[in-house]
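Need a 3D model of the sequence below.
(one chain, ligands or ions: 1)
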Amino acid sequence: MRAVVVAGARPNFVKIAPLLHAWRRFRNDHVLLVHTGQHYTRELSEFFFRDLQIPRPDINLGVGSATHATQTAEVMKRFEPVLANFRPDVVVVVGDVNSTLACTLTAVKFGIRVAHVEAGLRSFDRSMPEEINRLLTDAISDFLFATEPSAVRNLRREGIPAHKIYFVGNIMVDALHKFLPRAQRSAVLHKLGLADDKHRRAKIDYAVLTLHRPANVDAPQTLTRILEAVARLGERLPVIFPVHPRTRKQITAAGLDSLLCARRASGRLRAAPSRGVWAVKPLSYLEFLHLMSQARLVLTDSGGVQEETTVLGVPCLTLRENTERPITLTQGTNRLVGTDPERIWKEGLAILEGRRVPRHWRRVPRLWDGKTAQRIVTILRAALR
Ligand code: UD1
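Next comes the predicted model:
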C-alpha cells in the first residue's frame with residue numbers, strides 16, 4: 001500500500017506523529033511524508049518534529065507564508081507533481097489548515113482517495129478560515145475520521161453517506177498519552193522560574209495564555225480588550241504567554257507591548273515570575289504540554305488546547321464565542337467566555353477562587369484513549385489493500 005501523509009502547520013504535526021508511529025509496524029507499506037512548509041520557523045516546525053519523534057519529511061514543498069489564496073494555490077501547484085510521481089492509494093490530511101484543503105483538492109482532482117483525520121468539526125462560523133477549510137475538505141474526502149459524536153452528526157446533516165464516516169476518537173490524545181511522561185521531565189518550569197532546579201513540579205500557581213486566531217489578534221480593539229482583561233488576572237498570579245508570531249506582530253503594531261512584562265533576550269525568566277503577563281517565545285510540544293499540565297488555569301483561542309486541557313483536567317477558558325469541539329464543554333473542563341473583558345475577568349477569578357470547578361472534571365470523552373491512530377491505520381489498510 002502506498003500512502004502520502006501531509007502536514008503543514010504546528011497543530012498538524014501533533015496529529016501525524018501517532019499516525020506515522022502506528023504505520024511503522026507495516027513494513028511493506030510505503031508511506032511518504034510531505035511537509036508543505038506552511039510553518040517553517042524552528043519554534044513552529046522543527047522543534048515539533050524533534051519532540052514528537054517524527055522522521056524528516058521525504059519532501060518539503062517550502063510554500064511559506066502568503067495570503068490565503070496564494071498559499072493554498074502554491075501548495076496545490078507544488079503537491080501535484082508529488083502525486084504524479086508517487087501515485088499513492090490514499091492521501092491522508094489532518095486538521096483544518098490551508099495545507100489540509102489544498103492537498104485534498106489536489107488529490108481528489110488527481111483521482112486519488114483522501115482520508116481526513118479530524119473530520120466533521122463545525123463552529124458554524126464561516127468567517128473563520130478553518131471553517132471553510134473543514135467544510136470543503138469533508139465534502140470531497142472519502143474517509144472521514146471523527147473525534148466526537150457531534151462531528152458525525154454534522155457530517156450526516158451535510159449529506160455525507162454513513163459508510164464514509166468513522167468515529168475513531170481523538171488522535172491528539174494518542175500523542176498526549178505517549179509523550180506526557182517525557183514532557184514531565186522537561187526543564188520548562190525551571191527555565192521559566194516556576195520550579196526549583198530539582199523539582200519538576202511548579203512551586204507557585206500560574207496561568208497560561210495562548211492567542212492566535214485572526215478574529216482575536218488582527219483587530220486591535222479586540223486584542224486590546226483581551227490583553228487588558230488578562231492583565232487584570234495577571235494582578236492575581238503570573239500568566240505565561242508563549243506568543244505566536246502572528247500575535248507578536250499585531251501586539252507591536254497595536255502598541256500593546258506595555259501590557260506585557262519585560263523578559264530577557266533569551267526568553268528565560270530570571271527568578272520566579274511575579275504577577276503580570278509574561279510573554280515568552282513559542283514553546284516546543286513537550287515544554288508546552290508540561291506547562292499546561294500544571295497550570296491553575298488556561299486561557300486560549302486554540303482548538304487543540306481545548307481538547308488537551310479536557311484530557312489533563314485543567315480548567316480552560318476559551319476566548320471565542322463558539323467552539324467546533326462542543327464535547328470539551330459538555331464532558332470536559334472547557335468554558336466559552338468570548339472576548340468581553342468583564343466576563344473573562346469574572347470567569348477567571350471564579351476558577352482561581354475555587355468557586356467554579358469544571359463540572360466534568362476528569363471525565364474523558366469516549367475513544368479519547370490513545371488508540372485512535374491504530375484504528376485509522378487498520379481501517380485504511382482493510383479498505384485499500
Ligand atoms: C495557521 C492555521 C490555523 C492554525 C495555526 C496554528 C490556516 C488558515 N491557519 O494559522 O488554523 O490554528 O496555523 O499555528 O491555515 N509565521 C512565522 N513563522 C512560521 C509561520 C508563520 O513567523 O513558521 C508568521 C508569518 O508572519 C505568517 C503568520 O505567522 O504570515 C501567520 O501564519 P499562517 O500560517 O498564515 O497562519 P497561522 O496564524 O499560523
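
Kindly state the pLDDT recorded for Asp174?
In the prediction, the pLDDT value recorded for Asp174 is 98.

Just give the number of residues close to it.
26 (other C-beta atoms under 10 Å). Heads up, the C-betas are built off the backbone N, CA and C, glycines and all.

Next one: it relative to Lys164, how far apart?
For Asp174, the distance to Lys164 (C-beta to C-beta, to the nearest Å) stands at 22 Å.

Same check on Leu352?
Distance, Leu352 to Lys164, by C-beta to C-beta: 45 Å.

cool, and Ala73?
With the distance defined as C-beta to C-beta, Ala73 ends up 27 Å from Lys164.

which residues sit in contact with Ile351?
296-297, 315, 317 (C-beta atoms under 8 Å, 6 or more residues apart in numbering).

now, which of the residues you listed sits nearest the ligand?
The nearest member of those to the ligand, counting by C-beta to the nearest ligand atom, is Leu317 at 17.8 Å.

Make sure the closest one is indeed in a helix.
No. Assigned with DSSP: H, G, I helix; E, B strand; the rest coil, Leu317 falls outside any helix and is strand.

Check whether Leu144 sits in a helix, strand or coil.
Per three-state DSSP, Leu144 ends up strand.

gap between Ala17 and Arg225?
Taken as C-beta to C-beta, the span from Ala17 to Arg225 is 36 Å.

who has more neighbours, these two?
Per other C-beta under 10 Å, whichever of Ala17 and Arg225 has more neighbours is Ala17, with 26 against 19.

Ignoring the adjacent residues along the chain, who's closest to that one?
Leu52 (3.8 Å; C-beta to C-beta, 6 or more residues apart in numbering).

For the one you found, give me the pLDDT.
Taking Leu52 on its own, its pLDDT is 98.

pull the longest helix from the protein.
Secondary structure of the chain per DSSP state H: the longest helix is helix 68-86.

and the helix or strand following it, which residues are buried?
Counting by DSSP states H and E, the element after helix 68-86 in chain order, helix or strand, is strand 90-94. Residues of strand 90-94 classed as buried: 90-94 (neighbour count, 16 or more other C-beta atoms under 10 Å).

name the helices or strands packed onto the helix or strand of the chain with the lowest mean pLDDT?
The least trusted helix or strand in the chain, going by mean pLDDT, DSSP states H and E, turns out to be helix 188-191, with a mean of 92. Using 3 or more C-beta pairs under 8 Å, 6 or more residues apart in numbering; DSSP states H and E, the elements in contact with helix 188-191 are helix 285-293.

ok, and does the helix it packs on reach over to the ligand?
No. Applying C-beta under 6 Å from any ligand atom, one finds helix 285-293 separated from the ligand by no less than 12.0 Å.

Kindly report the same for stretch 36-44.
Yes. Looking at stretch 36-44 against the ligand by C-beta under 6 Å from any ligand atom, the contacts come from 38-41, 44.

if we can go back for a sec, helices or strands next to the longest helix of the chain in the packing?
Applying 3+ C-beta pairs under 8 Å, 6+ apart, we find helix 68-86 packed against strand 2-7, strand 30-35, helix 98-109.

Contacts made by that helix with the rest, please.
In contact with helix 68-86 (C-beta under 8 Å, 6+ apart) are residues 2, 4, 6, 8, 32, 34, 36, 38, 59, 61-66, 91, 98-99, 101-103, 105-107, 110, 112, 129.

Could you write me a PyMOL select line covering just the buried ones among those?
Buried subset of the contacts of helix 68-86, written as a PyMOL selection, criterion 16+ other C-beta under 10 Å:
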select buried, resi 4+6+8+32+34+36+38+59+61+63+91+98+99+101+102+103+105+106+107+112+129
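
where in the stretch 1-150 of the chain is pLDDT low?
Judged by pLDDT under 70, the stretch 1-150 of the chain has no weakly predicted residues.

So which residues on it come close to the ligand?
Residues of the stretch 1-150 of the chain lying near the ligand (C-beta under 6 Å from any ligand atom): 9-11, 38-41, 44-45, 65, 96-98, 129-130.

got a list of what the residue nearest to Thr147 when sequence neighbours are not counted touches?
Excluding its sequence neighbours, the residue lying closest to Thr147 (C-beta to C-beta, 6+ apart) is Asn170, at 4.4 Å. Counting by C-beta under 8 Å, 6+ apart, Asn170 makes contact with 147-148, 307, 365, 367-368, 372.

What about those, which are in helices?
307, 372.

Going by distance to the ligand, which of the contacts of Asn170 wins?
Nearest to the ligand among the contacts of Asn170, with distances taken as C-beta to the nearest ligand atom, is Glu307, at 12.8 Å.

contacting residues for the residue of the stretch 151-300 of the chain found nearest the ligand?
Nearest residue of the stretch 151-300 of the chain to the ligand, counting by C-beta to the nearest ligand atom: Pro245, 3.2 Å away. Taking C-beta under 8 Å, 6+ apart as the criterion, Pro245 is in contact with 41, 44, 282.

again, only this time at 7 Å
With contact set as C-beta atoms under 7 Å, 6 or more residues apart in numbering, Pro245 has these partners: Thr41.

State the number of residues packed around the residue nearest to Asn28 when sequence neighbours are not counted.
In space, and not counting its chain neighbours, Asn28 is closest to Met1: 7.7 Å by C-beta to C-beta, 6+ apart. Met1: 15 surrounding residues under other C-beta under 10 Å.

Touching, Met1 and Val31? I think so.
No. With contact defined as C-beta atoms under 7 Å, Met1 does not reach Val31; the gap is 8.5 Å.

What score does Thr328 have for pLDDT?
At Thr328, pLDDT is 96.
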